[in-house]
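Participant: Turn this into a structure:
(one chain, ligands or ions: 1)
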Amino acid sequence: MAHKMDKEKIKQAVRLFLEAIGEDPDREGLRRTPERVADMCQEILAGIGLDVRETIKVLQTEEHDEIVLVKDIPFYSLCEHHLLPFHGKAHVAYIPEGSRVIGISKLARVVQMEAKKLQLQERLTNQVADDVMGAANPKGVMVVIEAEHLCMTMRGARASGSKTVTSVVRGIFRQRAVTRAEAMALIKGRGEY
Ligand SMILES: [Zn+2]
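Facilitator: Residues are numbered from 1 along each chain as shown. Below you'll find the predicted structure:
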């Protein structure tokens, strides 16, 4: 379980923030905003303090020695530098060791729970890879994340829709360029199924 947030403190902070930016926290539309933000934090930051790795269940199936790829996992996170959203898609590929596999829905959940923290895209990518390595000790893992950062696009510095892409490889994906290329081709949809 994630730790319980101090809802009262969040409400006080949001009220102060509203005052500081020159708003009137008591006007009709803002009166319940501190409370709404506090409730929302419980939900969108539910991953804080959570050991995501412990939530991964490893299954035993028949031996599988090929790439398992879950692509286009949608996620929403908050950039820790600006507290603005970054969101996009994650692709997680791994090669099981023997018969130890991770449920496909669990891979999506790992991404989504790690995303529900104050994050940086690079760290999110690393953490997902570490969780998968730590939980199932596969032959290797590759994580690619493409995201739009509102702290960039809202401020007009970059064109709306520009994407930041990060990737992390561990184990066999690091050692073997061929395996890495195979996973990348699958992610880009040019691979043979
Ligand atoms: Zn930012």
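Participant: only C-alpha atoms for contact and neighbour calcs from this point on.
Facilitator: Will do.
Participant: mind listing what the lowest-mean-pLDDT helix or strand in the chain pairs with, with the direction of each?
Facilitator: Sorted by mean pLDDT, DSSP states H and E, the helices and strands of the chain end with strand 58-60, the least confident at a mean of 85. Strand 58-60 has its sheet partners listed here by DSSP bridges as strand 100-102 (antiparallel).
Participant: List of residues touching the partner strand?
Facilitator: Surrounding strand 100-102, the residues in contact under the criterion C-alpha atoms under 8 Å, 6 or more residues apart in numbering are 56-61, 63, 136, 138.
Participant: Top of those residues by number of neighbours, please.
Facilitator: P138 (22 neighbours; other C-alpha atoms under 10 Å).
Participant: Can you name the residues of the chain sitting close to the ion?
Facilitator: Counting by C-alpha under 5 Å from the ion, the chain comes close to the ion at 79, 81-82, 151.
Participant: pLDDT below threshold where in the chain?
Facilitator: 1-3, 156-159, 190-193 (pLDDT under 70).
Participant: ok, and the closest non-adjacent residue to the spatially most central residue of it?
Facilitator: For the chain, the residue sitting closest to the mean C-alpha position, by C-alpha atoms, centre = their mean, is A115 at 3.1 Å. The spatially closest residue to A115, leaving aside those adjacent along the chain, is S77, at 4.7 Å (C-alpha to C-alpha, 6 or more residues apart in numbering).
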